[in-house]
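1. Show me how the following folds:
(2 chains)
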Amino acid sequence: MMQFLDDFRNGDLVRKVIARIQKTVTQNWVIMEICGGQTHALMQYGLDQILPPEIELVHGPGCPVCVTSLELIDKAHAIASQPGVIFTTFGDMLRVPGSQMDLYAIRARGGDVRIVYSPLDAVRIAQQNPDREVVFFAIGFETTAPANVMSVLQAQALKLTNYSVLVSQVRVPPAIRSILGAPGNRVRGFLAAGHVCAVMGYWEYLPIAAEFKTPIVVTGFEPLDLVQGILLTAQQLEHRQHEVQNAYRRTVTQEGNQTAQEMIERVYQPCDRKWRGIGTIPMSGWRLREEFEQFNAEQRFHTEHIQTHESEICIAGKILQGLHKPPDCPAFGKECTPQYPLGATMVSSEGACAAYYRYWKQDDENG
Amino acid sequence: MCLGIPGRIIEITSTESPRMCRMDFGGVIREVCLEAIPEAKVDNYAIVHAGFALNLLSEDEARETLKLLDMIAQFDDEEIE
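-> Numbering: from 1, shown residues only, chains lettered A, B, ... in the order given. Below you'll find the predicted structure:
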C-alpha cells in the first residue's frame, strides 16, 4: 500500500547516490542538518559512516526538548508540583533535568504528570476533569505549532477555564541566522528540516541563503531523502551556488501549508526566546497573543521565585551550536547517559548526545 | 519531536471544527486532526505529527523524486561500464 514510501529506504539506490556525492566533491565541506530527527536517522542508518570523508555533518539545534530554557523547565516543575494540577507533556520531557529534578521525580512524589500523544488529548483531560487545573507543556518548533495552537483554539471553543499552556515555541530561520552570523562559523550549507517546511514552506529561507551566500536544501527523513539533500547541497557548494532547493517535494511547497500558518498567526505572535545552552536569539520564538492570555500558564501560576542552576560539566550548548561533538564532552557515556542525563541533548530521542550514545561506533571514528 | 509519520485517511469522522479523521499508519489506526488540510479526502496520504496532519503527501511527487534518483544512479552505472 505504502510501497512508494518504502522505496525511499532502497539501500542500493542510497549507495549509488552516495557514489555520486563522492564524484561531486573536490574539497571538504561542513554541512549542518538542523533537525535532531535527521541526526538520528543519519546515525541509525549508518549514513555518517559511508558518506565521503570530505563531507562533515554537524548537528544543529533542532531538538525542542534540548533547547527549552532551563527557566521554563524549572517553571514546569514548579507548576507540576502544585496540588490539584494535572501536568501534561510529550513523553520526551519527563527525564529532562531541571535545576533540581525532573518530571519523573515529581511524579514519584505524588505529582500528577501525564504523557500525551497529542495536545488535543490534554484538552480532553481538561474536559474530563473540570475541578482540576490542566496544564500542557507546549514545546516545539514550527512542526508542533499547529497542534499546540489547535489545543488552545479547542479549549476556547469549549469555553474551558481549567486549561492552560506553558509555551516554549521556537523557530528555525532565526536559529540559522544566528549560526551563520556567529564568529568562527564553519557551516557552509544547511539541510532544512522537512517537517518544519511542510508547515511553513521555504519562503523564509530565500533571503537567508542570499544574504549569507549559503545553500539551503529542504530535506526529508528517509535514507534516500537525506542523501539526496546532501548531494544537492554538495553540488551547489562545488558550483559556488547558494539557492534554496526542495528535496522533499512530496510534502513541501515554497508557500507551505497556509491554513496551518494562519492558525499559528491567530494564536501566537513572534517574541525573543532563550535557547538552553545557546542564549537569547531575537525573535526566535512565539508566544500567546494577548487575546489568548487567559490560557497562559505563566500568568495563571506564580513562578517568579525560580533560580536556575546548570550542570558545570555538560557542553550541550556547544554541541547544539555545532561547535563540538558529543564525544568531546568529558562526561559523555560516563557521568552522563540517557538514564542519568546531565544535559537535555542526552535525553531526547532527537538529542545529538543520545544519538551518539546509541549509534556511534568509536572504532570507526578513530580508524 | 518533529517526527512526521505518513498515513492514509480511511474515514472522515468530523467535518466541524476540529475536523477529525481516522488514519491508517501501516496497520495502526489512529485519530488525527485535519484542521489544517480541510481539502483532504478518504484515501489521501498525509504527514502526521502529534496527532495533527501537517500537509498532504503527493504520491506523484514521490514517484518523480524516485525516478530522478534512479536516473542519477543509472548515470553512475553507465560511467562504471
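2. Now do the same contact list for A:Gln241.
-> In this structure, A:Gln241 makes contact with A:Pro215, A:Gln235, judged by C-beta atoms under 8 Å, 6 or more residues apart in numbering or on different chains. The way it works is simple: take the backbone N, C-alpha and C, and place the C-beta from them, glycine included.
3. Recalculate using a threshold of 6 Å.
-> Residues near A:Gln241 by C-beta atoms under 6 Å, 6 or more residues apart in numbering or on different chains: none.
4. same check, this time on the one 5 residues further on
-> Shown in contact with A:Asn246 (C-beta under 6 Å, 6+ apart): A:Val218, A:Val252.
5. Recalculate using a threshold of 8 Å.
-> A:Cys197, A:Tyr202, A:Val217, A:Val218, A:Val252, A:Thr253, A:Gln254.
6. Over to A:Gly60?
-> Residues A:Met32, A:Glu33, A:Ile34, A:Cys35, A:Gly36, A:Thr39, A:Ala175, A:Ile179, A:Phe190, A:Leu320, A:Gly322 are the ones in contact with A:Gly60 under the rule C-beta under 8 Å, 6+ apart.
7. pLDDT wise, what is A:Asn366 at?
-> Reported pLDDT at A:Asn366 in the predicted model: 41.
8. And the residue nearest to A:Leu42 when sequence neighbours are not counted, its phi and psi?
-> Spatially, and ignoring its direct neighbours in sequence, A:Leu42 is nearest to A:Asp48 (5.4 Å; C-beta to C-beta, 6 or more residues apart in numbering or on different chains). Phi and psi for A:Asp48, reported as degrees, to the nearest 10, are phi -60, psi -30.
9. okay, now A:Asp48: neighbour count?
-> Neighbour count for A:Asp48, taken as other C-beta atoms under 10 Å in any protein chain shown: 20.
10. Would you check which pair of the contacts of A:Asn246 lies furthest apart?
-> Spanning the widest gap among the contacts of A:Asn246 are A:Val217 and A:Thr253, at 15.0 Å by C-beta to C-beta.
11. and the two? which has more neighbours close in?
-> Taking other C-beta under 10 Å, A:Val217 and A:Thr253 do not tie; A:Val217 has more neighbours (27 against 18).
12. where's A:Leu72 relative to chain B, distance?
-> 15 Å (C-beta to the nearest C-beta, to the nearest Å).
13. Tell me the helices and strands packed up against whichever strand or helix holds that residue.
-> Using DSSP states H and E, A:Leu72 falls within helix A:70-80. In terms of contacts (3 or more C-beta pairs under 8 Å, 6 or more residues apart in numbering or on different chains; DSSP states H and E), helix A:70-80 is packed against strand A:85-89, helix A:103-108, strand A:133-140, strand A:163-170.
14. Would you confirm that the residue nearest to A:Leu42 contacts A:His40?
-> No - assessed by C-beta atoms under 8 Å, A:Asp48 is found out of contact with A:His40, at 11.0 Å.
15. If you drop the residues flanking it in sequence, what lies closest to the residue of chain A found nearest chain B?
-> When scored by C-beta to the nearest C-beta, chain A has A:Ser118 as its residue closest to chain B, at 2.7 Å. Across the structure, with C-beta to C-beta, 6+ apart as the measure, the residue nearest A:Ser118 apart from its sequence neighbours is B:Gly51 (2.7 Å).
16. give me every residue that touches that neighbour.
-> Taking C-beta under 8 Å, 6+ apart as the definition of contact, the neighbours of B:Gly51 are A:Tyr117, A:Ser118, A:Pro119, A:Leu120, A:Asp121, A:Ala147, B:Arg30, B:Glu31, B:Val32, B:Cys33.
17. and with 7 Å instead?
-> Listed by C-beta atoms under 7 Å, 6 or more residues apart in numbering or on different chains, the contact set of B:Gly51 reads A:Tyr117, A:Ser118, A:Leu120, A:Ala147, B:Glu31, B:Val32, B:Cys33.
18. The residues you listed in strands, which ones?
-> Assignment to strands by DSSP state E places the following of those there: B:Glu31, B:Val32, B:Cys33.
19. what sits against the second one?
-> Yep, that's B:Val32 we're talking about. By C-beta under 7 Å, 6+ apart, the contact set of B:Val32 is B:Met20, B:Cys21, B:Met23, B:Val48, B:Gly51, B:Phe52, B:Ala53.
20. Out of those residues, the closest to chain A would be?
-> Of all the contacts of B:Val32, the one sitting nearest chain A is B:Gly51; the distance, using C-beta to the nearest C-beta, is 2.7 Å.
21. what pairs with the longest strand anywhere in chain B, and is each one parallel or antiparallel?
-> For chain B, the strand that runs over the most residues, judged by DSSP E, is strand B:5-14. With DSSP bridges as the criterion, the sheet partners recorded for strand B:5-14 are strand B:20-25 (antiparallel), strand B:45-49 (antiparallel).
22. The shortest one versus strand A:133-140: what angle between them?
-> It refers to strand B:45-49. Taking axes from the mean of the first three to the mean of the last three C-alpha atoms, to 10 degrees, one finds that strand B:45-49 is oriented at 110 degrees with respect to strand A:133-140.
23. The lowest-mean-pLDDT helix or strand in chain B to strand B:45-49, inter-axis angle?
-> In chain B, no helix or strand scores lower on mean pLDDT, DSSP states H and E than helix B:59-80, which sits at a mean of 81. Following the same axes, to 10 degrees, one obtains 90 degrees for the angle between helix B:59-80 and strand B:45-49.
24. packing partners for helix B:59-80?
-> Applying 3 or more C-beta pairs under 7 Å, 6 or more residues apart in numbering or on different chains; DSSP states H and E, we find helix B:59-80 packed against helix A:3-6, helix A:11-24.
25. For those helices, which has the smallest mean pLDDT value?
-> When the helices and strands packed on helix B:59-80 are compared on average pLDDT, helix A:3-6 comes out lowest at a mean of 80.
26. Helix or strand: which one has the residue nearest to A:His40 when sequence neighbours are not counted?
-> Spatial nearest neighbour of A:His40, chain neighbours left out: A:Ala355 (4.8 Å); criterion: C-beta to C-beta, 6+ apart. Per DSSP H and E, A:Ala355 falls inside helix A:352-359.
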